[in-house]
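Peer 1: dropping a prediction and its sequence here:
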Amino acid sequence: MAHTKRRSVIKLAGSAAAVASTGMAGILASGRTPAFAQQKTVHWLKWVDFVPATDQMFNKEMMPAAEKALGIKIKLETVNGNDLQPRITSGIQSGAGPDIIMSFNSYTHLYANSVVDLSDLAEDVGKREGGLYKYARAICSDGKMFMGMPWAVIGGMIAYRKSWLDEVGATKFPDTWEGYRDVAKKLKAKGRPFGQTLGHTFGDAPGFTYPYLWSWGGKEVEADGKTVVINTKDTVESVKFMQGLWKDGMDEGGLAWDDTNNNRAFLSQTISATLNGASIYIETLRKPDQYQTASGKPMNTDILHAPLPKGPAGQFGFHLLQSNMIMKYSKNQDAAKEFLKYLHTEANYRKFFESQKGFATPCTAKWETDKLWDVDPVMTPYKVAAKLGQAPGFAGPPNAKAQEGLSKYIITDMYAKAVQGMPAEEAVKWAETELKKVYT
């Protein structure tokens, strides 16, 4: 055994000597790649973008350029947005997975103990670009560290068919829930209902139900972030109104929709309005010959955007905030941070921003006055999404408990149960019970 070990050491030493003396020829002869020559790989997991041009730009242009500039290998993986959270959990539990993972909303708070502090990068970008929006800072930072690097806000606005609303006497999109229900009822009678998901899907369902709740005066907890106060007269009234609205004016199949179904329904002209990012409109711009009105005009000429209506307590929005987290289990943390720095240089981030055509709103004030917003007035309403967003968990902070309630779809399910027949008071009581499990 001792003789074998000695021979192995001599053999390895000989290989090293060969490398030193003969360069690449020695490497090839030894059959080994020296440690210093091994290239680091950074694995970035993100959603499949609703603007295909962006993922094409990343794959064909940005990733190859980053590899050349940084001297590292970039593995870009895209998945359905609903699959991100299970992948985060799996990586943490196994201690292995993507180095960088895109986060939605307050995943950052939920996984704070499992990610790398990105405060230096976030503060540097904020300083360069006129400051981070309050919404982005609240979602990505707990006041001690930045759990995620703010990336973009996907603004939620209602896309609607202008000519169809004109046919029922609505010359502009209704700005109250009563008006919304009235117009939806008239259009449903013509076979053109409004469309909305109440399913377990990351964007459009909570993007509708949370602002709807707030607009009636309902909220999950008090400002202390502990006292559950969902069970109020205001919340019950909101649920009762939703029951009538759903029957009168909505596509009732929306209960089972994810974030892609309403896009397809709108583009196939089976619904007349839906809460969405700007991806529907951008798709009709991309394929004007494919998506046309009954009169043969491009559909994009008949689409406008409007915010969600106001209720007795006001008008609100909840917009999907994306950030990127570097995972603590990563063995390439330094390289991953350099890659994020590369993405956030102005020239590189601009390529992303312009490829989005307004679908994604940057998280710093600098971009609010960018000339891109002046190109197409139909997109202008989205430019302030990052500034005006309200976070889940209101009136409490957007912390891990708020994200847990969001991830469990408690608010969305409260309305879904009611439109399927549960009495409003029982649906609210159910939500109260579930929220108390989270907050106590």
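Peer 2: Received it, and whenever you're ready, just let me know what you need. Just so it is clear, the model here is predicted, and its values are computed rather than measured.
Peer 1: average pLDDT across stretch 113-128?
Peer 2: Here stretch 113-128 scores 98 as its mean pLDDT.
Peer 1: what's the answer for stretch 325-335, then?
Peer 2: 97.
Peer 1: check stretch 64-72 too.
Peer 2: Here the average pLDDT along stretch 64-72 is 97.
Peer 1: same thing with stretch 79-89?
Peer 2: Stretch 79-89 comes out at a mean pLDDT of 97.
Peer 1: would you mind measuring the gap between the ends of it?
Peer 2: 15 Å (CA to CA, to the nearest Å).
Peer 1: before we move on, what about stretch 190-206?
Peer 2: Start-to-end span of stretch 190-206 (CA to CA) is 28 Å.
Peer 1: flag every buried residue along that stretch.
Peer 2: Residues of stretch 190-206 classed as buried: 192-206 (neighbour count, 16 or more other CB atoms under 10 Å). (C-beta placed from N, C-alpha, C; glycine too.)
Peer 1: T364 and K387, how far apart?
Peer 2: Relative to K387, T364 is positioned 11 Å away (CB to CB, to the nearest Å).
Peer 1: first-to-last residue distance for stretch 196-203?
Peer 2: The straight-line separation of the ends of stretch 196-203 (CA to CA) is 11 Å.
Peer 1: T197 touches E252, doesn't it?
Peer 2: No: applying CB atoms under 8 Å, one finds T197 not in contact with E252, separated by 11.5 Å.
Peer 1: tell me the predicted confidence for R7.
Peer 2: For R7, pLDDT reads 42.
Peer 1: typed the wrong thing, it's S15
Peer 2: So S15 comes in at 41 (pLDDT).
Peer 1: in terms of neighbours, single out the busier of T364 and K387.
Peer 2: Neighbour totals were compared for T364 and K387, and T364 leads with 21 against 16 (other CB atoms under 10 Å).
Peer 1: for that one, list each beta-bridge partner.
Peer 2: T364 has the following beta-bridge partners by DSSP bridges: L132.
Peer 1: stretch 294-309: end-to-end distance?
Peer 2: 28 Å.
Peer 1: contacts for it?
Peer 2: Contacts to stretch 294-309, defined as CB atoms under 8 Å, 6 or more residues apart in numbering, come from residues 156-163, 172-177, 179-180, 208, 211-212, 215, 267, 269, 275, 278, 280-281, 284-285, 288-289, 291-293, 315-317, 378-379, 381-382.
Peer 1: show me where pLDDT drops low in the protein?
Peer 2: Residues of the chain that meet the criterion pLDDT under 70 lie in 1-38.
Peer 1: switch the cut-off to 80
Peer 2: Applying pLDDT under 80 to the chain flags residues 1-39, 386, 388.
Peer 1: distance check, N231 against S355.
Peer 2: Distance from N231 to S355, by CB to CB: 45 Å.
Peer 1: scratch that, G91 is what I was asking about
Peer 2: In terms of CB to CB, G91 sits 28 Å off from S355.
Peer 1: I figured E368 was touching T380, is that so?
Peer 2: No: counting by CB under 8 Å, E368 sits too far from T380 to count as a contact (11.0 Å).
Peer 1: and stretch 258-273, how far out from the chain middle?
Peer 2: Averaged C-alpha coordinates place stretch 258-273 at 19 Å from its chain's average position (CA atoms, centre = their mean, to the nearest Å).
Peer 1: that should have said stretch 403-420, apologies.
Peer 2: Centre to centre, stretch against its chain (CA atoms, centre = their mean), the figure for stretch 403-420 is 18 Å.
Peer 1: repeat for stretch 211-223
Peer 2: 21 Å.
Peer 1: the chain should start at 262 in everything you say after this.
Peer 2: Okay, using 262 as the starting number, the last item reads as stretch 472-484.
Peer 1: circling back: among the contacts of stretch 555-570, which ones are in helices?
Peer 2: 423-424, 438, 440-441, 469, 472-473, 476, 528, 541-542, 545-546 (DSSP state H).
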